[in-house]
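Novice: build me a model:
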Amino acid sequence: MEEIHDKTQIEHWIGKGNIRGYFDTPNVTFHAYRYEKGEYITVPDQRMDKILFLIEGTVQIYGIREDGSLSPVNEVESPALIGDLEFPDQGITPLFTEVKTPTVCLALSTKEYRGQLEHDLRFLHMLLRSYADKLKIFSAVDPVTAILEERVVLYMKNICQSGEINGIERAVFQLRCSRRQLQRVLKKLCDDGRVRKIGKGRYKLVV
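Specialist: Numbering: from 1, shown residues only. As a prediction, this is how the structure comes out:
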């Protein structure tokens, strides 16, 4: 992790993302950090003392089962919020957030501003929207709710922008299945006319 000290660049990112618009608290100070592929933003044995706005890059969020296997949660790309789930629990997290591509984040210290943030309606509404988005993802890809074919349809309908899978690897991670399983299901959905292949690794839900 490397801190970015260019105040002009930081203000550019803040303005571009309208970051201050998510807060009623005035004059909050943001810092910026650059992470390289393979670094971890959150790990279970370290408290998360920041709210991070993902400005550039992609991260994977996952847990580790008791047998040591990986339990995928989500793969997110900018713009996104990190630290929202940890905020109510004093920064405690059971999850790893691993950087998959070079990433830039704007950071607000929850250690410094917790008192104000706990009474900041705009900030709390932002957290609620973020929680709702994550619940939608979890419900769409929950392996116990439906067979894989229906999970893929729910995923494309509720999670994918414009009902389109654009990249098999991300879909595999989020749906918690193998690449072979997903390709087999997508082929069947294409044969059934429910999905149309529109390019390499790109599939669109037929409305």
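
Novice: please make it C-alpha for all contacts and neighbour counts, starting now.
Specialist: Fine.

Novice: how far away from the center of its chain is the longest helix seen in the chain?
Specialist: In the chain, with assignment by DSSP state H, the single longest helix is helix 121-141. Helix 121-141 sits 11 Å away from the centroid of its parent chain (C-alpha atoms, centre = their mean, to the nearest Å).

Novice: count the neighbours of Lys187 for me.
Specialist: 15 (other C-alpha atoms under 10 Å).

Novice: hang on, the earlier thing: pull the distance from the helix or strand that comes right after the longest helix of the chain to the chain's centre.
Specialist: Reading on from helix 121-141 to the C-terminus, the next helix or strand found by DSSP states H and E is helix 148-158. Mean-position distance between helix 148-158 and its chain equals 18 Å (C-alpha atoms, centre = their mean).

Novice: could you do stretch 56-76 as well?
Specialist: On C-alpha atoms, centre = their mean, the centre of stretch 56-76 falls 10 Å from that of its chain.

Novice: if we can go back for a sec, with just CA atoms, put the longest helix of the chain into PDB.
Specialist: Below are the C-alpha coordinates for helix 121-141, written out as PDB (Å, rounded to 0.1, in the frame of the first residue of the first chain):
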ATOM      1  CA  LEU A 121     -28.100  10.800   7.800                       C
ATOM      2  CA  ARG A 122     -26.600  10.900   4.300                       C
ATOM      3  CA  PHE A 123     -23.800   8.600   5.300                       C
ATOM      4  CA  LEU A 124     -26.200   6.200   7.000                       C
ATOM      5  CA  HIS A 125     -28.500   6.200   4.000                       C
ATOM      6  CA  MET A 126     -25.500   5.400   1.800                       C
ATOM      7  CA  LEU A 127     -24.700   2.400   4.100                       C
ATOM      8  CA  LEU A 128     -28.300   1.200   3.800                       C
ATOM      9  CA  ARG A 129     -28.100   1.300   0.000                       C
ATOM     10  CA  SER A 130     -24.800  -0.600   0.100                       C
ATOM     11  CA  TYR A 131     -26.300  -3.200   2.400                       C
ATOM     12  CA  ALA A 132     -29.300  -3.600   0.100                       C
ATOM     13  CA  ASP A 133     -27.100  -4.100  -2.900                       C
ATOM     14  CA  LYS A 134     -25.000  -6.800  -1.100                       C
ATOM     15  CA  LEU A 135     -28.200  -8.600   0.000                       C
ATOM     16  CA  LYS A 136     -29.400  -8.600  -3.500                       C
ATOM     17  CA  ILE A 137     -26.100 -10.200  -4.700                       C
ATOM     18  CA  PHE A 138     -26.200 -12.800  -1.900                       C
ATOM     19  CA  SER A 139     -29.800 -13.800  -2.600                       C
ATOM     20  CA  ALA A 140     -29.200 -14.000  -6.300                       C
ATOM     21  CA  VAL A 141     -26.200 -16.400  -6.000                       C
END
